[in-house]
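from the sequence below, what's the structure:
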Amino acid sequence: MSPRAANLDEFADLLAKVYTDFDKNGYDVINVLPMNMAVSDKTFGKKSCGGQVFLGEVGFSVTKGAMVVGKRKED
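The predicted model follows:
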């Protein structure tokens, strides 16, 4: 998989495990903060006479993880 793409299936499985572990240890999940990585791709256009011309870079972010925040359940 490209480092510029998130593996959403793996990400969802890891989040589910964290949620389950929190619950087993007496915590409620109160927030999930995404961890994003900024990346960019060079963009080129085609010249009418052939060839390419550099147009600039397009920026975007990829979610690479998350911070899960929990709060101890009240008895």
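
all contacts plus neighbour counts: C-alpha atoms, from now on.
Fine.

do you know the pLDDT at the spatially most central residue of the chain?
Central residue of the chain (Cα atoms, centre = their mean): Thr63, 0.9 Å from the mean position. You'll see Thr63 listed with a pLDDT of 83.

doesn't it belong to a helix?
No - using DSSP: H, G, I helix; E, B strand; the rest coil, the assignment for Thr63 is strand, not a helix.

so it makes contact with Ala38?
No - counting by Cα atoms under 8 Å, Thr63 sits too far from Ala38 to count as a contact (9.0 Å).

the helix or strand containing Leu33 - contacts with which helices or strands?
Assigned by DSSP states H and E, Leu33 falls within strand 27-46. Counting contacts by 3 or more Cα pairs under 8 Å, 6 or more residues apart in numbering; DSSP states H and E, strand 27-46 packs against helix 8-24, strand 52-72.

would you turn the ones you listed into a markdown table with distance to Lys42?
Below are the helices and strands packed on strand 27-46 laid out as a markdown table (distance: least, Cα to Cα, whole Å):
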| stretch | distance to Lys42 |
| --- | --- |
| helix 8-24 | 25 |
| strand 52-72 | 4 |
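
just tell me which of these ends up closest to Val32.
Nearest to Val32, of all the helices and strands packed on strand 27-46, is strand 52-72, at 4.6 Å by Cα to Cα.
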